[in-house]
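Chemist: predicted structure and sequence below. I'll ask about it afterward.
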Amino acid sequence: MNELRTKDPFALDPFEEAFRALWSPSRLEGAGRTPQIRVDVHEDEAAYTIKADIPGVKKDDIDVRVDGNVVTIGAEVKREHEEKKEGRVLRSERYVGYASRSFTLASDVDEGQADAKYVDGVLTLKLPKKAKASSKRLSVG
């Protein structure tokens, strides 16, 4: 019997991650892995609070865009590794990559009141909800 399954982009299967890492050619250093941005999204009546883990990135390399109810977080990741032995460089590796994450919220965001802070590898976004337009019923005379 066939099963219809939906893929949740926020769900990370730990077994799948471990299996993928096992076969990765650079699994010891993690240099070849695509950087991932993991997020927590919380909602209350007035705003959304988003916490994104982006370790090892300078705050100038982070790009946050809000378009209505679509939020995009992007970051350029740069890593350098150099091994020296007796003053000689035996190996030097550089890695540059770009990670991004986009998702849609249930309500539009008031971009003018939005706030972003980056402390200790965690990006925190405070995104107030835009006031809903009220509708008024008109009487036909």
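Modeler: Cool, got the structure. Numbering: from 1, shown residues only.

Chemist: who does Lys51 form a beta bridge with?
Modeler: Bridge pairing for Lys51 (DSSP bridges) gives the partners Asp40, Thr124.

Chemist: wait, it sits on Ile73?
Modeler: No - the pair Lys51 / Ile73 is not scored as a contact, 10.7 Å apart, by Cβ atoms under 8 Å. C-beta here means a position set from N, CA and C on the backbone, and glycine is covered the same way.

Chemist: can you give me phi and psi for Asp61?
Modeler: The phi and psi values for Asp61, taken as degrees, to the nearest 10, are phi -90, psi 10.

Chemist: same question for the one 10 residues further on.
Modeler: Comment: the main-chain dihedrals of Val71 come out as phi -110, psi 130, following degrees, to the nearest 10.

Chemist: identify the residues contacting it.
Modeler: 50, 64-65, 102-105, 109, 125, 127 (Cβ atoms under 8 Å, 6 or more residues apart in numbering).

Chemist: His42 versus that one, what's the distance?
Modeler: 13 Å (Cβ to Cβ, to the nearest Å).

Chemist: show me where the chain has helices.
Modeler: Along the chain, counting by DSSP state H, helices occupy 14-22.

Chemist: what stretches of it score poorly on pLDDT?
Modeler: Counting by pLDDT under 70, the chain contains low-confidence ranges at 1-35, 133-135.

Chemist: which residue sits closest to the residue nearest the centre of it, ignoring its sequence neighbours?
Modeler: Nearest to the mean C-alpha position of the chain, counting by Cα atoms, centre = their mean, stands Ile37 at 3.5 Å. In this structure, Ile37 finds its nearest non-sequential neighbour in Arg101, 4.4 Å apart by Cβ to Cβ, 6 or more residues apart in numbering.
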